[in-house]
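> this is a predicted model, with the sequence first.
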Amino acid sequence: MATFCGSRYNNNELVNDKGIVMNQPKMTDVAKKAGVSPTTVSRVINRRGYLSTKTINKVEAAMRELNYRPNMVARQLQSQRTMTIGILVPTVANPFFGELTYKLERDFFNAGFKVLIGNAENDVEKERLYLQQLLARQVDGLVIATHNHQQQIPEYQNANLPIVSIDRYLRASIPNVSSDNYAGGRLATEELIARGAKHIIHTDSVERFNKRDYLRQQAYQDVMNEHGLTPVTYKIDFGSQPELMRQFFNRILDEHPEADGFFASNDMDAIQLLQTARQREIRVPEDLQVIGYDGVPTTTRIVPELSTIVQPLDEMAKVAVDILQREINGERVTGSHNLPVRLRASASLKQ
């Protein structure tokens, strides 16, 4: 016998503290109390369709007053769903993926889903374990934003459930949501050239993915060639430790003292470059122009001197949630869904 809000319950009966048997409230009781239809109560519980705040508050107040609890097990058996989504990211310590995870969780929750988050930390085995656990829990769908090569994780090829990838190409049958990486790469490189830079270096992650995942680099090379300039790209593992990043940028600056512009494929690399330049007494932006990629609000507040290409995180999360819901409901969705980017100039350049 378990305690349930001051009462005891057994099967479909509630027994209060005085030992009086009470019938367990039904959805129709909640509907009558709230002055709405049972269908509206169901929509509030499942967060389906348009609902006004007033209606939600009325129904939830009636549920609390009647001590009504939806039978989750029955709902899951009836719908053959767990109303749970798995989210796998490379690291929540990175501001971009931390913010992305927050927005995905918020939007899934508002749609009636719970989420389970796997922080893979760029570790193939850790990602495999998380994926196996999520599949064992029979999640209704997966959002994948990790940076490990998917061929190393066969579970992805055998996962027979809805999947949406973010900024990574997995396979043709899996929809991908990303910012317009090629447009962003062009925008960054053209901006550096417009500012007078001629010796522009690009930094990107080590190539371990599909060529479609390196459109920023491709755009940089195309723009450089169009202007008769020599493209130079350096590669490093995503999420490398700060000391390794410091050595990496010092090596580039030693090998290319003529460098007057950098296009970094993410803001964390760009920030490390700014720090390295400062230590070498290289003036930014007078001697060296730097543009990053991501534009997460937290980063731009802390490092206002960084120019960056801003990804539309809110829209990316909304589109990913919408696509996964459509897939869960039986709709076939494929292809890439690219969202527009914009340049955010540094505070110093705005003055």
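Good, I have the coordinates.
> what sits against residue 193?
Residue 193 sits next to 200, 223, 227, 229, 261 when contact means Cβ atoms under 8 Å, 6 or more residues apart in numbering. Bear in mind the C-beta positions are built from the backbone N, C-alpha and C, glycine included.
> ok, now with 10 Å
200, 223, 224, 226, 227, 229, 261, 289 (Cβ atoms under 10 Å, 6 or more residues apart in numbering).
> most surrounded residue in the residues you listed?
residue 200 (25 neighbours; other Cβ atoms under 10 Å).
> apart from its neighbours in sequence, what residue is nearest that one?
residue 261 (3.8 Å; Cβ to Cβ, 6 or more residues apart in numbering).
> how about the one you found, phi and psi?
Here is the backbone geometry of residue 261 (degrees, to the nearest 10): phi -160, psi 150.
> pLDDT score for it?
Note for residue 261: predicted pLDDT of 97.
> ranges for the helices of the stretch 51-200 of the chain?
53-66, 72-79, 95-110, 124-136, 155-158, 181-194 (DSSP state H, counting those that start in this stretch).
> what about the ones you listed, which gets the closest to residue 117?
Closest to residue 117 of the helices of the stretch 51-200 of the chain is helix 95-110 (Cβ to Cβ; 6.1 Å).
> that closest one - what's its average pLDDT?
Helix 95-110 comes out at a mean pLDDT of 95.
> and that helix, how far from the chain's centre?
6 Å (Cα atoms, centre = their mean, to the nearest Å).
> for that helix, packing partners?
strand 84-89, strand 114-119, strand 141-144, strand 163-166, helix 267-279, strand 289-294, helix 297-302, helix 313-328 (3 or more Cβ pairs under 10 Å, 6 or more residues apart in numbering; DSSP states H and E).
> most tightly surrounded among those?
strand 289-294 (a mean of 26; mean count of other Cβ atoms under 10 Å).
> what strands line up against it, and which way round?
strand 261-264 (parallel), strand 307-310 (parallel) (DSSP bridges).
> and those strands, which is most packed in?
Per stretch, and counting mean count of other Cβ under 10 Å, the top mean among the strands paired with strand 289-294 goes to strand 261-264, which has a mean of 28.
> just the C-alpha atoms of it, please, in PDB.
Taking only C-alpha atoms (Å, rounded to 0.1, in the frame of the first residue of the first chain), the coordinates of strand 261-264 have been written out as PDB:
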ATOM      1  CA  GLY A 261      42.600  37.400 -41.000                       C
ATOM      2  CA  PHE A 262      41.100  34.200 -39.400                       C
ATOM      3  CA  PHE A 263      37.800  32.500 -40.100                       C
ATOM      4  CA  ALA A 264      37.300  29.900 -37.200                       C
END
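> ok, back up a step: can I get the helices and strands packed on helix 95-110 in JSON lines including distance to residue 178 and mean pLDDT?
Shown next, in JSON lines, are the helices and strands packed on helix 95-110 (distance: least, Cβ to Cβ, whole Å; pLDDT from 0 to 100):
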{"stretch": "strand 84-89", "distance to residue 178": "14", "mean pLDDT": "93"}
{"stretch": "strand 114-119", "distance to residue 178": "20", "mean pLDDT": "92"}
{"stretch": "strand 141-144", "distance to residue 178": "12", "mean pLDDT": "93"}
{"stretch": "strand 163-166", "distance to residue 178": "7", "mean pLDDT": "92"}
{"stretch": "helix 267-279", "distance to residue 178": "16", "mean pLDDT": "95"}
{"stretch": "strand 289-294", "distance to residue 178": "12", "mean pLDDT": "97"}
{"stretch": "helix 297-302", "distance to residue 178": "19", "mean pLDDT": "90"}
{"stretch": "helix 313-328", "distance to residue 178": "7", "mean pLDDT": "96"}
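> now the stretch 1-150 of the chain, which segments are flagged as low pLDDT?
1-23, 46-50, 71-80, 147-150 (pLDDT under 70).
> just checking, the residue nearest to residue 200 touches residue 196?
Yes. In terms of Cβ atoms under 10 Å, residue 261 counts as a neighbour of residue 196; the distance is 8.6 Å.
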